[in-house]
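*Asks:* Whatever this is, show me its structure:
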Amino acid sequence: MTGENLNHDDNGKAHVKVGLVGPRGVGKTSLVAALIDSGKEMLSGLPVTLEANKRSEQRIDRFNNKLRSSLLVEDFVAPQLQPTETLDSLEFDLTVDRDDTIGVGFDILDFPGGWLDAGEKPPLFEDFLRHVRQSPILLVPIDATYLIESRGAVANGRAVKGDLHEALQIAQVGRIVRQWAIDRNVVNTDVKAKEPAVLVLVPVKCETYFADNGGQQDKSATLYDDTIRYYGEMIRAARAETPNTRLDVYYCPVDTIGAVELKSGTWSFSDSGIPQFKATFKKRPGQELRRRGAGDRASVQKQLSGWAVADERELLPLLWRKLRGGGLTVAEIKGEDGLR
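*Replies:* Below is the predicted model of the structure:
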């Protein structure tokens with residue numbers, strides 16, 4: 001991959017920007033922490049390392065400490081760090097044989113989710129948009145508990161689903177995704193070497209809804225259907241804006257907490273009429289903390305209304321494959337065939 005979105009550091013290692021756009025409180029930091037944690041597990045015992053840089057490591061360590069402390073309590077609310085008040089870069093490196101010249105660095109820019117619907121955007125919002133537009137890969141985290149637990153839910157005599165679009169800020173997120181698609185299309189019109197255009201829908205807090213991670217039930221099909229129902233229009237709009245490039249859309253649910261089950265949840269409406277869900281989790285007895293999202297599960301293609309969405313449970317391999325042009329297998333990422 002070439003172009004303004006792939007830079008090299010002083011050691012010659014490539015660095016790529018990854019866009020991340022989601023509402024306040026969806027768990028953007030927990031998603032990056034889960035990606036790194038599960039990636040390390042997948043790569044253990046192999047000559048490949050996955051590490052956050054020093055500044056990002058401090059923030060991720062704070063989240064992991066809060067998470068592990070929460071798991072010592074029988075019932076707990078999903079841990080959250082102090083909400084991001086400004087732009088914050090989350091960077092991590094995938095390195096082979098600890099050789100800083102071989103591998104790739106990922107640069108994800110976190111931002112205050114409250115900026116999405118702020119009437120007057122702060123000046124730094126333009127820096128965030130520039131980062132997203134220069135990112136060949138765009139991650140859209142989605143709170144799975146909001147999708148599943150809103151089914152039939154009523155609070156204060158009102159159906160929660162009637163206002164769920166606003167809770168998920170789908171219009172605001174969709175506007176940024178559409179502009180990203182426009183810019184991806186322009187890039188691939190202007191350059192000879194086509195850059196990837198990869199949109200990844202990432203439901204988070206999925207532990208309760210999958211059986212492949214020790215869960216007690218399987219609502220994976222329901223979660224997939226609800227994701228497409230709410231975000232399908234956004235996908236169609238992005239496809240319409242990319243006639244000159246191939247847009248790959250992936251659905252990649254991630255367990256961002258670990259070996260837990262949703263015990264209960266309470267819906268309420270904010271003063272502005274936006275649904276809010278407070279979830280209480282309980283740890284599964286006898287299970288270790290393991291955040292699923294980078295394991296060995298083959299993707300399954302699903303066709304919806306004329307466009308395909310690939311169902312993945314391997315976010316880290318997915319990112320690497322797309323940067324390598326789509327030809328790299330999970331075995332190659334694990335080092336069985338080497339990173340070339």
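
*Asks:* if I pick the nearest residue to residue 243 once chain neighbours are set aside, what's in contact with it?
*Replies:* Counting by Cβ to Cβ, 6 or more residues apart in numbering, residue 243 lies nearest to residue 185, which is 6.7 Å off, once chain neighbours are set aside. In this view, the C-beta of every residue, glycine as well, is placed from N, C-alpha and C. Listed by Cβ atoms under 8 Å, 6 or more residues apart in numbering, the contact set of residue 185 reads 197, 241, 242, 243, 244, 245.

*Asks:* And the next helix or strand past the helix or strand where residue 185 lies?
*Replies:* Taking DSSP states H and E as the definition, residue 185 sits inside helix 170-190. Going down the chain from helix 170-190, the next helix or strand is strand 197-204, by DSSP H and E.

*Asks:* quick one: average confidence on the helix or strand just after that next one?
*Replies:* Per DSSP H and E, the first helix or strand lying C-terminal to strand 197-204 is helix 220-240. For helix 220-240, mean pLDDT rounds to 92.

*Asks:* cool, stretch 24-34 as well?
*Replies:* 81.

*Asks:* Can you add distance to residue 73 and give the contacts of residue 185 back as CSV?
*Replies:* As requested, these are exported to CSV (distance: Cβ to Cβ, whole Å):
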residue, distance to residue 73
197, 43
241, 46
242, 46
243, 52
244, 53
245, 48
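
*Asks:* By neighbour count, which of those residues wins?
*Replies:* residue 197 (25 neighbours; other Cβ atoms under 10 Å).

*Asks:* so how many other residues sit close to the residue lying closest to that one once chain neighbours are set aside?
*Replies:* Nearest residue to residue 197 in three dimensions, chain neighbours excluded: residue 184, at 3.9 Å (Cβ to Cβ, 6+ apart). By other Cβ under 10 Å, 28 other residues sit near residue 184.

*Asks:* my read: residue 184 touches residue 199, true?
*Replies:* No. Counting by Cβ atoms under 8 Å, residue 184 stays clear of residue 199, with 9.1 Å between them.

*Asks:* Find residues that contact each of those two.
*Replies:* residue 247.

*Asks:* what about residue 227, neighbour count?
*Replies:* By other Cβ under 10 Å, the residues close to residue 227 number 21.

*Asks:* Rounded mean pLDDT for whichever strand or helix holds residue 94, please.
*Replies:* Assigned by DSSP H and E, residue 94 belongs to strand 88-96. Here strand 88-96 scores 79 as its mean pLDDT.

*Asks:* Sheet-wise, list the partners of it with their directions.
*Replies:* strand 48-52 (antiparallel), strand 99-110 (antiparallel) (DSSP bridges).

*Asks:* Quick one: list the elements packing against the next helix or strand along the chain from the last one.
*Replies:* Think strand 99-110. Sequence order places helix 124-133 as the next helix or strand after strand 99-110, per DSSP H and E. Judged by 3 or more Cβ pairs under 8 Å, 6 or more residues apart in numbering; DSSP states H and E, helix 124-133 is in contact with strand 14-20, strand 99-110, helix 170-190.

*Asks:* in helix 124-133, what counts as buried?
*Replies:* 125, 128, 129, 131, 132, 133 (16 or more other Cβ atoms under 10 Å).

*Asks:* for the stretch 151-300 of the chain, which spans come out with low pLDDT?
*Replies:* 188-194, 213, 286-300 (pLDDT under 70).

*Asks:* run the last query once more with 50
*Replies:* 192, 294-300 (pLDDT under 50).

*Asks:* Setting the sequence-adjacent residues aside, check what's closest to residue 140.
*Replies:* Excluding its sequence neighbours, the residue lying closest to residue 140 (Cβ to Cβ, 6+ apart) is residue 201, at 5.3 Å.

*Asks:* Any chance of a markdown table for the strands paired with strand 88-96, columns mean neighbour count?
*Replies:* Shown next, in a markdown table, are the strands paired with strand 88-96 (neighbours: other Cβ atoms under 10 Å):
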| stretch | mean neighbour count |
| --- | --- |
| strand 48-52 | 19 |
| strand 99-110 | 19 |
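
*Asks:* would you list those strands in a markdown table and tack on distance to residue 67?
*Replies:* Formatted as a markdown table, those follow (distance: least, Cβ to Cβ, whole Å):
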| stretch | distance to residue 67 |
| --- | --- |
| strand 48-52 | 15 |
| strand 99-110 | 17 |
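
*Asks:* Nearest approach to residue 206 belongs to which of the ones you listed?
*Replies:* Taking Cβ to Cβ, strand 99-110 is the member of the strands paired with strand 88-96 nearest to residue 206, at 19.6 Å.

*Asks:* Now do that closest one, average pLDDT.
*Replies:* 75.

*Asks:* Nearest to residue 212, out of the strands paired with strand 88-96?
*Replies:* strand 48-52 (21.9 Å).

*Asks:* For the most far-flung residue of the chain relative to its centre, grab phi and psi.
*Replies:* Going by Cα atoms, centre = their mean, the residue of the chain most distant from its centre is residue 157, 33.1 Å out. Main-chain torsions, residue 157, degrees, to the nearest 10: phi 80, psi 10.
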